[in-house]
Structure formats: C-alpha cells, structure tokens
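[1] coordinates for the following, if possible.
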Amino acid sequence: MSEQEQSGGGVFAPTVNGQQSVAGDQSSSDVQQPTLANGLTQAQQDSVDRARAYAQELQETVFKEILEAERKRKEEETKPPPGTVNPGLLGGKMDPRNASVMSRIYVGSINFELTEEHIHRVFSEFGTVRSVSMSKDPVSGRHKGFGFVEYEVPEAAALAMDAMNGTMLGGRQLKIGRPNNYNVAVAQGGFDMPPAERIYVANVNEAIGEDSLREIFAPFGDVRACVLAPDMATLKGHKGWGFIEFADPAAADQAAVAMNGFSLGNLVLRVGKCVVGGPLGEGMAALDSLAASSAEAPSGSALLQQQQQQQPQPAVRPPQQVVDVAASITKNIIGASGAAGPSSSHAAISDSTQHQQPSVTESPIVLLENVVGGRAEVDDELAGDMAGEAMKCGGIEKVVVHIASSQELADRANMISHEVTIFIHYSDPESAVGAIELFDGRWFGGRQISATMYDLARYRVLTSADTMVYIP
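    The predicted structure follows:
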C-alpha cells in the first residue's frame with residue numbers, strides 16, 4: 001500500500017516551520033487572525049469597545065437618574081426635620097450616634113421612691129429631655145437607683161451635669177456623670193468647634209419670644225443671632241431653649257456668667273457656653289412657613305411683644321437695663337396668666353411686716369417659717385419629714401426647703417423673714433387651707449411654726465433653682 005493510501009487518501013501539503021498540514025482541510029475562516037498586545041483579536045477588541053460605549057451611555061442616562069434618585073433619598077433620610085435647632089446635626093458632619101452619646105448623662109444615687117417622671121420633671125429645665133431610662137430590678141420591678149437622661153442637644157447635658165452633680169433630691173445626693181463611651185464619641189469628632197461668641201440658654205418662659213430674649217441680652221453686646229427651638233409637635237411656641245450669638249466673644253462670656261440663674265418670667269434661666277459648632281437653624285421662623293400657623297390666634301410671645309411696643313423700655317445702661325426689661329416682661333406674663341404678683345415698684349407694697357394671705361382659692365402654696373434656726377440646722381431629711389406631716393391634709397406636688405439670700409430677705413416683696421423657709425406645694429388650695437390649720441402655731445423642735453398661704457407666682461421664682469426638694 002502506498003503512502004497516499006495509508007494516510008487515507010489525503011494529500012500532504014508542504015512542511016512549514018517543521019509542521020505538516022493537510023491541504024484542503026483548512027477553510028479561509030479558520031485562518032488565525034493576528035492578536036493585539038492585550039491578547040485579543042481586533043474583532044474581540046471592537047466588541048469590547050462597543051460594550052464599554054453602551055455602558056457609558058447607560059451610566060449617563062438611566063443609571064445616572066437611578067443614582068441621583070438614590071442620593072436624594074439618602075439625603076432626605078439623614079436630613080434633620082424642619083425646625084431643628086441642633087448645630088451638630090445641622091452641620092452634616094456629626095454622626096447622630098455620637099451626638100446622642102454627647103447629649104446623655106448618668107444620674108446616680110436616685111431615691112428609690114422617685115420615678116422616671118420625677119427625674120424628667122427635675123432635669124427638663126436644662127433643655128428638652130428626649131428620654132429617661134432607669135435600670136430596674138427584674139424581681140421587685142423597682143429601679144436600682146441610677147439611670148440615664150438624654151437631651152436633644154449636648155449643651156443641655158453639659159449644663160445639667162454642672163448644676164445637678166452633688167445636689168440633694170428626695171433626701172439623697174445625686175451623682176451626675178458621663179456615659180462610658182462619651183470620650184470615644186468626642187474623640188471621633190465629626191463636628192465643628194463651638195464659636196466662642198455663642199451661648200446656650202434654657203428654661204425660657206413660653207411667653208418670651210426671640211425678639212424679647214434678644215432685647216434682654218442686648219446690653220452685653222451686639223446680638224447677631226437669637227434662635228429658640230420651635231415646638232413642631234404643637235406648632236405653637238418654643239421648647240424653652242435656644243442659642244444666642246454675639247459679635248464679640250467677650251460679650252458671650254459676660255452674658256453666660258451674669259445671666260445664669262437670672263430670674264425671668266417666673267423662671268430661672270440656665271445659661272452656658274456651647275459644646276459643638278454648626279448652623280443654628282431657622283428657629284421660630286420654621287413655624288411661619290406652615291399654613292396652619294397663619295390661622296392660629298396670636299401666641300403669648302406675639303401678645304407680649306405687642307404690649308412691649310406700647311410700653312417703651314427705660315433707656316438705662318446695663319446691667320440695670322437687663323433687670324428693667326426682665327421685670328417688665330415678668331410683669332406682663334404674670335398679668336396675662338392671672339396670677340397674683342408684686343407691683344412694679346416697692347412703693348406699692350405695704351410697709352407692714354405681716355404676710356399678705358391670699359384667699360383660699362388663689363394659691364396651693366403654704367409657707368412654713370421658724371421650723372429651724374438657720375441653715376446649720378438643715379439636714380437631708382427635713383423636706384421628707386415635713387412632707388410626711390403635710391400629706392395628712394391632702395395630696396402634695398412637692399416640698400421645698402429654701403435658704404434665702406440676704407437680698408431675698410431684704411426684699412419685702414418676697415414676704416419672708418427667716419433664712420430657712422419651707423414651701424409645701426399642694427395639689428389644690430383647699431388642702432393648703434387645711435395645712436395652715438395643722439401647722440400654724442404648732443411647736444416643732446422647740447420652735448413655734450408660722451404657716452401662711454403664699455403666692456404661687458412668687459413661689460416659682462424663689463424656688464426654681466432650689467435643690468433640697470422632696471417629691472412624693
């Protein structure tokens with residue numbers, strides 16, 4: 001058999017580069033095309049280029065719209081709601097979790113008879129309390145004597161910690177501190193440094209608006225901004241706290257020191273420096289954009305401002321100007337609420353040293369004097385002891401042991417004559433009448449007690465900053 005027959009009849013092609021190929025078995029389409037540097041043929045590269053061009057077209061049209069919609073959705077989710085007055089969150093740099101930690105304080109050594117409601121009420125004068133959580137015993141259901149208070153802004157937490165640490169509440173000395181992860185939250189930062197010319201103001205009477213508050217702080221220097229946090233839940237008024245920004249940092253320092261503890265509108269202001277920086281927000285202007293607000297009657301703040309426009313303020317220099325403006329505002333608030341209050345001058349007050357007793361329907365407050373000889377005789381149990389007796393006459397809101405300053409004793413409008421006085425706040429005036437019959441003339445520790453009914457508005461002024469308080 002020939003070589004041709006052994007190979008199946010195929011015709012051998014010439015040997016090329018040492019390899020033999022069979023002629024006629026390879027079509028023109030099987031001819032190997034030259035490859036590019038990336039290892040692809042030209043045809044393959046063209047396909048890749050067309051795919052890339054199509055992907056780019058999608059990216060610039062369909063995908064772009066999808067990504068833009070997703071970006072806007074995330075912005076809306078993380079954007080603070082309208083009316084927010086929180087520089088840290090409004091700045092967009094601060095992690096909300098860190099803001100929450102910096103707005104929280106630890107409260108220890110709590111009287112076991114106090115509830116979360118009591119703690120909420122006591123600490124709310126420093127700002128809006130977002131939550132109160134107290135660790136409870138799973139067996140008894142009672143709290144363990146400690147818990148956490150969280151505010152809306154870090155400034156409120158800082159003020160509360162400075163003011164309340166070591167104070168007496170329910171016969172026990174509170175211990176205020178920071179959560180364990182506080183330093184971590186501060187170290188992570190994510191917020192602007194607070195402007196030196198900005199201060200935080202809390203416990204502002206609901207009838208005092210931004211314009212009135214600006215006027216009160218103006219004697220310290222040029223006020224560039226005055227923003228109160230609006231109450232977006234009720235769409236009426238503010239939450240009782242906000243920020244004031246001066247043109248000069250020195251003015252802010254002076255205002256923070258001078259106005260902290262200043263009585264304004266029957267409440268004692270809480271003032272301190274800021275903790276974080278950032279935009280202030282709209283403030284009360286956020287309510288103006290709501291259609292519902294236009295249909296509402298003028299708020300207390302608006303009525304107060306109208307009254308102030310009709311009554312020019314005395315043109316005196318600070319700090320007397322602050323006192324005069326505050327006195328005018330307080331007078332208007334007392335008049336609007338119908339509460340009995342002192343006249344605008346001491347001349348209108350009787351020279352008699354006898355206490356003026358309102359009628360039984362006017363006040364649920366009972367004033368006890370001559371219970372102890374002086375502040376040296378005051379102990380942690382005094383308020384609780386008096387509360388035990390006071391409850392025999394009816395329900396009480398709280399008992400306050402007040403140590404009067406020399407200035408308060410000299411002011412006849414206060415109608416107190418002893419350094420240590422005890423106020424019993426009853427739930428109704430009728431119970432207060434019974435308490436006067438119980439306590440007046442009674443002997444306690446070798447002393448004869450004097451019991452009289454006391455004006456509710458003035459009681460709030462005198463005791464708003466007191467810490468020796470018993471709350472049942």
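
[2] what residues are bridge-paired with residue 173?
    With DSSP bridges applied, residue 173 shows beta-bridge pairing to residue 168.

[3] what's the local residue count around it?
    If you count neighbours by other CB atoms under 10 Å, residue 173 ends up with 13. The C-beta positions use only the backbone N, C-alpha and C, and glycine is treated the same way.

[4] contacts only, for it.
    Applying CB atoms under 8 Å, 6 or more residues apart in numbering to residue 173 gives the contacts 109, 166-167, 380.

[5] go with 10 Å
    By CB atoms under 10 Å, 6 or more residues apart in numbering, the residues touching residue 173 are 108-109, 165-167, 380, 467.

[6] one more: residue 382?
    For residue 382, the contacting residues are 168, 171, 371-372, 399, 401, 420, 422, 468, 470, taking CB under 10 Å, 6+ apart as the criterion.

[7] could you dump those to a markdown table with pLDDT and distance to residue 385?
    Rendered in a markdown table, the data for these read as follows (pLDDT from 0 to 100; distance: CB to CB, whole Å):
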| residue | pLDDT | distance to residue 385 |
| --- | --- | --- |
| 168 | 86 | 14 |
| 171 | 81 | 9 |
| 371 | 90 | 10 |
| 372 | 87 | 11 |
| 399 | 92 | 9 |
| 401 | 91 | 10 |
| 420 | 91 | 14 |
| 422 | 94 | 10 |
| 468 | 84 | 12 |
| 470 | 87 | 9 |
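
[8] just for this structure, where's the confidence low?
    Low-confidence segments of the chain (pLDDT under 70): 1-33, 71, 73-79, 289-361.

[9] picking that back up, which one among the contacts of residue 173 gets closest to residue 439?
    Proximity to residue 439 was ranked across the contacts of residue 173 by CB to CB; first place goes to residue 380, at 21.1 Å.

[10] that closest one: what secondary structure?
    In the three-state summary, residue 380 is assigned as coil, counting by DSSP: H, G, I helix; E, B strand; the rest coil.

[11] distance of the closest residue to it other than its chain neighbours relative to residue 98?
    Here the nearest residue to residue 380 in space, its sequence neighbours aside, is residue 171; by CB to CB, 6 or more residues apart in numbering that works out to 5.0 Å. For residue 171, the distance to residue 98 equals 36 Å [CB to CB, to the nearest Å].

[12] ok now the strand or helix carrying residue 99, how far from the chain's centre?
    If you go by DSSP states H and E, residue 99 is part of helix 96-102. Here helix 96-102 is found 13 Å from its chain centre; the criterion is CA atoms, centre = their mean, to the nearest Å.

[13] give the next helix or strand downstream of that helix.
    Next helix or strand after helix 96-102 toward the C-terminus (DSSP H and E): strand 104-108.

[14] distance from that following strand to the middle of the chain?
    The offset between the C-alpha centroid of strand 104-108 and the centroid of the whole chain comes to 15 Å, using CA atoms, centre = their mean.

[15] on that earlier part again, and the helix holding residue 99, which residues are buried?
    Along helix 96-102, the positions that meet the burial threshold by neighbour count (16 or more other CB atoms under 10 Å) are 98-102.

[16] now these as a markdown table including distance to residue 257?
    Supplementary listing: those in a markdown table, determined by distance: CB to CB, whole Å:
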| residue | distance to residue 257 |
| --- | --- |
| 98 | 29 |
| 99 | 27 |
| 100 | 29 |
| 101 | 28 |
| 102 | 23 |
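
[17] in stretch 369-381, what's buried?
    Quick answer for stretch 369-381 (16+ other CB under 10 Å): 369-372, 378.

[18] show me which of the residues you listed is closest to residue 220.
    Among these, residue 378 lies closest to residue 220 (CB to CB), at 35.5 Å.

[19] identify the residues contacting that closest one.
    Residues near residue 378 by CB under 10 Å, 6+ apart: 168, 371-372, 401, 403, 419-420, 422, 468.

[20] from the residues you listed, which is closest to residue 64?
    Sorting those by distance to residue 64 puts residue 168 at the head of the list, at 63.8 Å, by CB to CB.

[21] where do the strands sit along the stretch 201-350 of the chain?
    Using DSSP state E, counting those that start in this stretch, the strands assigned to the stretch 201-350 of the chain run over residues 223-230, 238-246, 263-264, 267-268, 270-273.

[22] for the fourth one, which strands pair with it and how are they oriented?
    Its sheet considered, strand 267-268 pairs with strand 263-264 (antiparallel) by DSSP bridges.

[23] the partner strand: how far from the chain's middle?
    Taking the mean of its C-alpha atoms, strand 263-264 sits 19 Å from the chain's own mean (CA atoms, centre = their mean).

[24] tally of neighbours for residue 130?
    A total of 14 residues lie near residue 130 under the criterion other CB under 10 Å.

[25] mind listing what's buried along the helix or strand harbouring it?
    Under DSSP H and E, the secondary-structure element containing residue 130 is strand 129-136. By 16+ other CB under 10 Å, the buried positions in strand 129-136 come out as 129, 132, 134.

[26] and the contacts of it?
    For strand 129-136, the surrounding residues in contact (CB under 10 Å, 6+ apart) are 100, 103-104, 107, 110, 114-124, 142-153, 156, 160.

[27] rewinding a little: of the contacts of residue 173, keep whichever come out buried.
    For the contacts of residue 173, a burial check counting by 16+ other CB under 10 Å picks out residue 467.

[28] quick one, helices of the stretch 1-150 of the chain?
    For the stretch 1-150 of the chain, applying DSSP state H, counting those that start in this stretch gives helices covering 3-6, 42-60, 62-78, 87-90, 96-102, 116-123.

[29] counting by contacts, list what the last one packs against.
    The elements that helix 116-123 packs onto, with contact taken as 3 or more CB pairs under 10 Å, 6 or more residues apart in numbering; DSSP states H and E, are strand 104-108, strand 129-136, strand 143-151, helix 154-164, strand 168-169, strand 396-403.

[30] is residue 243 bridged to anything, and to what?
    Applying DSSP bridges to residue 243, the residues it is bridged with are residue 200, residue 227.

[31] any idea how far it is from residue 279?
    Counting by CB to CB, the gap between residue 243 and residue 279 amounts to 10 Å.

[32] more neighbours, these two?
    Set side by side, residue 243 and residue 279 give different neighbour counts by other CB under 10 Å, the larger being at residue 243 (24 against 17).

[33] of the strands of the stretch 201-350 of the chain, which stretch is the most buried?
    Comparing the strands of the stretch 201-350 of the chain by mean neighbour count (mean count of other CB atoms under 10 Å), strand 238-246 ranks first with a mean of 24.
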